[in-house]
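S.K.: Fold the stuff below for me.
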Amino acid sequence: MADAALRLKSLVEQLLGVPLPLRIRAWDGSQAGPPGAPALVVRNRRAVRRLLWKPGELGLARAWVAGDLDIEGDFYLALDLLSELVWERGEDARSLVQMVRDPEVRRAVGGLVKVAGIPLPPAPPREEVRRSRGHLHTKRSDKRAISHHYDVGNDFYEIVLGPSMVYSCAYWPTADATLEDAQRDKLELICRKLELTPGQRLLDVGCGWGSLAIHAAREHGVSVVGITLSQEQAAYARKRVAGEGLTDRVEIRVQDYRDVADGPYDTIASIGMAEHVGADKYLEYAEDLHRLLKPGGRLLNHQIARRPQRDESSYNVDEFIDAYVFPDGELAPLGTTVTQLERAGFEVRDVEAIREHYGLTLRRWVANLEVDWARAMRLAGPGRARVWRLYMAACALAFERNRIGVNQVLAVRTPDGGDSRMPLRARTWGA
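M.R.: Prediction:
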């Protein structure tokens, strides 16, 4: 009799102490759960073993990446329901000690062991980063982390990002605008905030595939040095620069920000880069940018922010993101970032929160990936494609639900005399 889904549903509800809002469809064809709800497809017993050996987010992630788990129906709704169930139960979630002491929980775990079969731990998917967590954010470890994330293949990123090849939050005039128009508007917004003028030197820290460097040089007549730790990004960006006829004004380097020694620059842009720096290195990062900037020069720092915790020492990096997406990446609250910039000597002049814009951006990236799903799997492999679909869709929801945000912080290296060279009403940005 095919009853694996019903058994799993009953055991999971017994374990969690709440009704399961998703349907379950099991490997034997059985189904159980609310009619019309998205279905969590448990393709084999190995999925259950993964969760038994690694309960919580990492076990779910491993099962998803390996293809042992899937979702049928509304993908975003399913992730939203899972998020509330697994990640956000907060005060209602029982501690591990309480759960182990609970005879009902022990019976539920025993039932899952019987369903799963011999409970040997399956090997993690090959897409998972394997490393010791000794010395973080050295030049060597940062280069490895960047390579893991960005050296996936430029063809794959072309699918996800579209023609703009901009991998950071777009700036949407309306929700129904094209992704390319919204990304162009974001690049122009950055240039206006920096008040670029012909002949200036711009340092683009974490330049990606060269989109900002090209836009700034072509539209505003500046000379740009773009730095990245990704060999694949650099090769792609250089080819684009040559195609635009801008090799005399745009230089793309494979270089760590700590090794840039040819300042001062008139302006600096750090767009989606600071998330890789790490809390322990952030002040050093800010001080390096301050050193590289001319007195009176502007910095535009575009950075994802998390919500502050009551006890900041309890902050842990998201397990799935750390293992599969951004190794060693860290998010900081906005206030912490502003404080560190000020400690480094910057005067913070403007903060613009554009959280809703990232939800729109991520949904377009997910749509791009889903439209060309078969080709994406061929280029990056099924596991990597699944990582990206889950990561981007889950992040879209996180931005939409105000769990994380993204901000553009405009700062100035104000001279000792106090002249910031900022207009009295800066928010027009020269428009």
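S.K.: Which strands and helices lie in contact with the helix or strand containing Ala385?
M.R.: Using DSSP states H and E, Ala385 falls within helix 382-400. With contacts taken as 3 or more Cβ pairs under 8 Å, 6 or more residues apart in numbering; DSSP states H and E, helix 382-400 sits against helix 57-66, helix 75-82, helix 154-161, helix 355-371, helix 373-380, strand 404-412. Where you see a C-beta, it was placed from the backbone N, CA and C, and this is true even at glycine.
S.K.: What average pLDDT does the fourth one get?
M.R.: It refers to helix 355-371. On average, the pLDDT along helix 355-371 is 98.
S.K.: Same check on stretch 270-282?
M.R.: For stretch 270-282, the per-residue pLDDT averages 92.
S.K.: buried stuff in that stretch?
M.R.: 270-278, 281-282 (16 or more other Cβ atoms under 10 Å).
S.K.: Could you do stretch 424-431 as well?
M.R.: For stretch 424-431, by 16+ other Cβ under 10 Å, it's Trp429.
S.K.: okay, it in PDB with CA atoms only?
M.R.: Provided in PDB are the C-alpha atoms of stretch 424-431 (Å, rounded to 0.1, in the frame of the first residue of the first chain):
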ATOM      1  CA  LEU A 424      22.400  72.300  -0.800                       C
ATOM      2  CA  ARG A 425      19.600  70.000  -2.200                       C
ATOM      3  CA  ALA A 426      21.500  66.900  -3.300                       C
ATOM      4  CA  ARG A 427      18.500  64.600  -3.900                       C
ATOM      5  CA  THR A 428      17.900  65.900  -7.400                       C
ATOM      6  CA  TRP A 429      21.200  64.200  -8.400                       C
ATOM      7  CA  GLY A 430      21.600  66.600 -11.300                       C
ATOM      8  CA  ALA A 431      18.400  65.300 -13.000                       C
END
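S.K.: what does it contact?
M.R.: 189, 192-193, 195, 349-350, 410 (Cβ atoms under 8 Å, 6 or more residues apart in numbering).
S.K.: what about the helices and strands packed on helix 382-400, which gets the closest to Arg258?
M.R.: strand 404-412 (19.4 Å; Cβ to Cβ).
S.K.: strands paired with the closest one, and their directions?
M.R.: strand 293-306 (antiparallel), strand 347-353 (antiparallel) (DSSP bridges).
S.K.: can I get those strands in JSON lines with mean neighbour count and distance to Glu128?
M.R.: What follows is these, written out as JSON lines (neighbours: other Cβ atoms under 10 Å; distance: least, Cβ to Cβ, whole Å):
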{"stretch": "strand 293-306", "mean neighbour count": "21", "distance to Glu128": "22"}
{"stretch": "strand 347-353", "mean neighbour count": "15", "distance to Glu128": "33"}
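S.K.: So which of those strands is nearest Thr174?
M.R.: Judging the strands paired with strand 404-412 by Cβ to Cβ, what sits closest to Thr174 is strand 347-353, at 17.7 Å.
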